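S.K.: predicted model follows, preceded by the sequence.
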Amino acid sequence: MENFGICHLSVTPVRKNPDSKYELVSQILYGEMFKIIEKREKWSKILINYDKYEGWVNNTQIKFIDEKKFNIIKSINSVYCNDINGYIIDEKNEKTFVPIGSLISSCKELKSKYVGESSLKKSTIIKTAKKYLNSPYLWGGRIHFGIDCSGFSQIVYKINGIKIKRDANQQATQGYKTNLKDLKPGDLAFFGDKNKSVTHVGIMLNKNKIIHAFGKIRIDKVNEIGIVNSDTKKLTHKLTEFRSY
């Protein structure tokens, strides 16, 4: 029974409901796997293996696999694409560019070869984060050509061996609270409304600068109140807490 699947394309959209008109809630990247919760004629509801996120994908944009192959790939040490120009070459000798964060250790089972820099080459959270500068904001996005605030923090951490959840409010339940005095480069800062519900996250570059997704991936200033836009000099997000992982 093919009750599992793998993303064999550069990226596949994950939607809230089974139709292309519905909200994009996330994306699965090349090589990422998932369990099939419900299969319909054109759409399948999936549970993503990496972050246990649920959503609907079009059946034409995924490759169904059985549990045996799923477990084989799962048992392989994870290696990720860490190159904005990384690509795979398939058995037809056709080239496909894959985004940063793609699970390239899945290549063998997908009969492909990866060309580019990988997570095996030592990097840092800050170095990885800066590769995304000026990438446009996209709700539900996890790639260079469109990414949201929590997708950005998740992928950057993923490349650097730290597993965090998909949404900002979920990430704010992980790690441990810290403060501005003890803050380290790469720690996360969370922002929200008057009730302190978390709606935004960014990666701290140092004690007063943050890189985050707001219109695009950009660098702004941070103080004890929140984010101050470097262009307009206006407060855009109110600080709720800092966290280290």
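M.R.: On my side now, so go ahead. What you are looking at is a predicted structure, and each value in this text was computed from that prediction instead of being measured. Residues are numbered from 1 along each chain as shown.
S.K.: number of nearby residues for the closest residue to I48 other than its chain neighbours?
M.R.: Counting by Cβ to Cβ, 6 or more residues apart in numbering, the nearest residue to I48 once its immediate chain neighbours are dropped is F34, at 4.8 Å. For every residue, glycine as well, the C-beta is placed using N, CA and C. For F34, the number of neighbouring residues by other Cβ atoms under 10 Å comes to 27.
S.K.: quick one, helices of this structure?
M.R.: 67-75, 125-130, 149-159, 168-171 (DSSP state H).
S.K.: what's in contact with the shortest one?
M.R.: Translated: helix 168-171. Residues from elsewhere that reach helix 168-171, judged by Cβ atoms under 8 Å, 6 or more residues apart in numbering: 149-150, 153-154, 164-165, 188, 190, 197-201, 243.
S.K.: what's the most distant pair in these?
M.R.: Among the contacts of helix 168-171, the pair separated by the greatest distance (Cβ to Cβ) is Q154 and S197, at 19.1 Å.
S.K.: so I159 versus G146, what's the distance?
M.R.: I159 sits at a distance of 18 Å from G146 (criterion: Cβ to Cβ, to the nearest Å).
S.K.: to clarify, my last question referred to I227.
M.R.: 21 Å.
S.K.: more neighbours, the two?
M.R.: Under the criterion of other Cβ under 10 Å, the comparison of I227 against G146 puts I227 first, with 23 against 18.
S.K.: show me the protein divided up by domain.
M.R.: Domain assignment of the chain by automatic domain parsing yields the ranges 4-115, 125-244.
S.K.: need the ones you listed in TSV with mean pLDDT, can you?
M.R.: Compiled in TSV, the domains of the chain are given as follows (pLDDT from 0 to 100):
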stretch	mean pLDDT
domain 4-115	97
domain 125-244	97
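S.K.: hang on, the earlier thing: between Q154 and S197, which is the more surrounded one?
M.R.: Taking Q154 and S197 together and counting by other Cβ under 10 Å, Q154 has the greater number of neighbours (28 against 11).
S.K.: count of residues packed around the residue lying closest to Y245 once chain neighbours are set aside?
M.R.: On the basis of Cβ to Cβ, 6+ apart, the spatially nearest residue to Y245 that is not a chain neighbour turns out to be G175, at 3.9 Å. By the measure other Cβ under 10 Å, the count of residues near G175 is 15.
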